[in-house]
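> Build me a model from this:
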Amino acid sequence: MRLSLILLAIAFLYSCPRSALAQTQPSDSTTPTKSKSRSLPVEMRVPFEPTVFPSGPHSYAIYELHLTNFGAAPVTLSSIEVLDPDAQNTRPVATFDSEQLEAMVQPLGGRTLSDRKERLVMTGGQSAIVFMSIEFDRDSRVPKRLSHRVSMADSYVEGVVITTDHTRLRVLGPPVEGADWLAADGPGNDEDNHHRRGVLVFDGEPVDSRRFAIDWKQVKNNASFSGDTKDVHSYYAYGKTVVAVADARVITARDGLPDNIPGHFEAFHPAVAITYNTVAGNTITLDLGGGQFAYYDHLQPGSLRVRSGDHVRRGQPLARVGCSGDAREPHLHFEVTTSPKLLAGEGLPYVIDRYRSQSADGHIELHLRELPLNKSIIIFGEDRSK
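Now for the predicted structure:
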């Protein structure tokens, strides 16, 4: 009998997923409600750790938490708590309940979900991405590390300790000049933000090069154009100068692709087929040093003033805003990543040394060394657009 029990225990250890075993180990984090058990067979991981960046009265940690159900039975997410493993107090840094998680969870595997609550159900072998955004007051202490507690009904899993300063936060100049620039699909956690939800599998690894990308559009009276919507010249951003954000070396300068006729949804008919080689349109990539690269996409054909191998100075004109590649209307797609290869890197936050933002009521606020958030209206330097 005793031998049978020993063999049964050994069999359990070898058949149980490593993530399930790890959750039975002691934790430095706070102890949750005693009625919960640590029997949840869910693996957690963060493929790319965040770097906290400031914007307005807050600082933000934006990253992805990947979950996989290693069990056979379905489990339903009920909450996620983010903890400071180095703090003595027991309060979570942030807590997300089921209603909040419905807008944060993206199931993988192509499941079609008619009910938002179904996003929280992970069947056996199912994986999901939780798009995390943690907000801190600018005057408060930002933890050097964060850990996670994922709860499902009466069980939970705890772990995945990450840092909050994974990469160098570069101070850059603006990529465009003048006023009335909309940071479209900029940094944030909205579920309809195609940059934020832009996770791709590249060379066998999930990456999001667009995590902090911004589509810079120029707007007046809440519109990006005046006149014929199918004419690129009707758009305020079209033909505006884009400039170097830092002293850097040009590693890519690709020209020759035509502008698209502007159009959204079914009305979008690209001038050339969208492939890996054309998706960015006419593009310039700068090597900022330290393993960071700045991308300028969808540039106007024939407007590039630099070539691969050139060295540029901050503020130097590079090209003009166009509508090439996968662009529905004229805008500058700008991002900073970890790779000189398009789409293959991880998107990085950075800060712009100086800009002003304009609120809906016309109030102007100065920002020093911050990163504009999604839908901000920005003024760079002197307004040369009028």
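
> Next, His233: secondary structure please.
Look at His233: counting by DSSP: H, G, I helix; E, B strand; the rest coil, its state is helix.

> and it, what pLDDT?
If you check His233, the pLDDT there is 98.

> residue contacts, it?
Residues counted as contacts of His233 (C-beta atoms under 8 Å, 6 or more residues apart in numbering) are 227, 239. In this view, the C-beta of every residue, glycine as well, is placed from N, C-alpha and C.

> With Ala319 instead?
So Ala319 contacts 241-242, 282, 284, 296, 299-300, 303-306 (C-beta under 8 Å, 6+ apart).

> Domain ranges for this structure, per the record?
Following automatic domain parsing, one finds the domains of the chain at 34-163, 171-380.

> and of the contacts of Ala319, the nearest to Asp165?
Among the contacts of Ala319, Tyr296 lies closest to Asp165 (C-beta to C-beta), at 26.9 Å.

> quick one: the closest one and Ser303 touch, right?
No: under the criterion of C-beta atoms under 8 Å, Tyr296 is not in contact with Ser303, lying 10.9 Å apart.

> the more surrounded of those two?
Tyr296 (29 against 17; other C-beta atoms under 10 Å).

> Just say helix, strand or coil for that one.
Three-state call for Tyr296 (three-state DSSP): strand.

> Residues in a beta bridge with it, which ones?
For Tyr296, the beta-bridge partners are Ile284, Phe334 (DSSP bridges).

> Run through the helices of the stretch 1-150 of the chain in chain order.
Counting by DSSP state H, counting those that start in this stretch, the stretch 1-150 of the chain has helices at residues 2-15, 18-22, 98-102.

> Mean pLDDT lowest where, among those?
Lowest mean pLDDT within the helices of the stretch 1-150 of the chain: helix 18-22, a mean of 32.

> can you count the residues close to Arg119?
Counted with other C-beta under 10 Å, Arg119 comes out at 21.

> Just confirm it contacts Val105, I think it does.
Yes: with contact defined as C-beta under 8 Å, Arg119 counts as touching Val105 (4.6 Å).

> who touches both of these two?
When contacts are counted by C-beta under 8 Å, 6+ apart, Arg119 and Val105 are jointly contacted by Ala128.

> picking up where we left off before, least reliable of the domains of the chain by average pLDDT, please.
With a mean of 91, domain 34-163 has the lowest mean pLDDT of these.

> The closest residue to Ser59 other than its chain neighbours: how many residues sit nearby?
In space, and not counting its chain neighbours, Ser59 is closest to Phe136: 4.6 Å by C-beta to C-beta, 6 or more residues apart in numbering. Neighbour count for Phe136, taken as other C-beta under 10 Å: 18.

> now Phe136: how far from Ala61?
From Phe136 over to Ala61 the distance is 8 Å, taken as C-beta to C-beta, to the nearest Å.

> try Glu43
Taken as C-beta to C-beta, the span from Glu43 to Ala61 is 21 Å.

> Who has more neighbours out of those two?
Ala61 (26 against 19).

> For Val161, the count of nearby residues, please.
Val161: 17 surrounding residues under other C-beta under 10 Å.

> My guess is it contacts Lys144. True?
No: counting by C-beta under 8 Å, Val161 does not reach Lys144; the two are 10.4 Å apart.

> in the stretch 101-250 of the chain, which spans are strands?
105-107, 121-122, 127-137, 145-152, 155-163, 171-172, 178-184, 200-202, 205-207, 214-218, 241-243, 248-254 (DSSP state E, counting those that start in this stretch).

> The residue nearest to Ala87 when sequence neighbours are not counted: how many residues sit nearby?
Nearest non-adjacent residue to Ala87, counting by C-beta to C-beta, 6+ apart: Pro143, 6.9 Å away. When neighbours are counted by other C-beta under 10 Å, Pro143 registers 20.

> Same check on Gly381?
Burial of Gly381 is recorded as 15 neighbouring residues (other C-beta under 10 Å).
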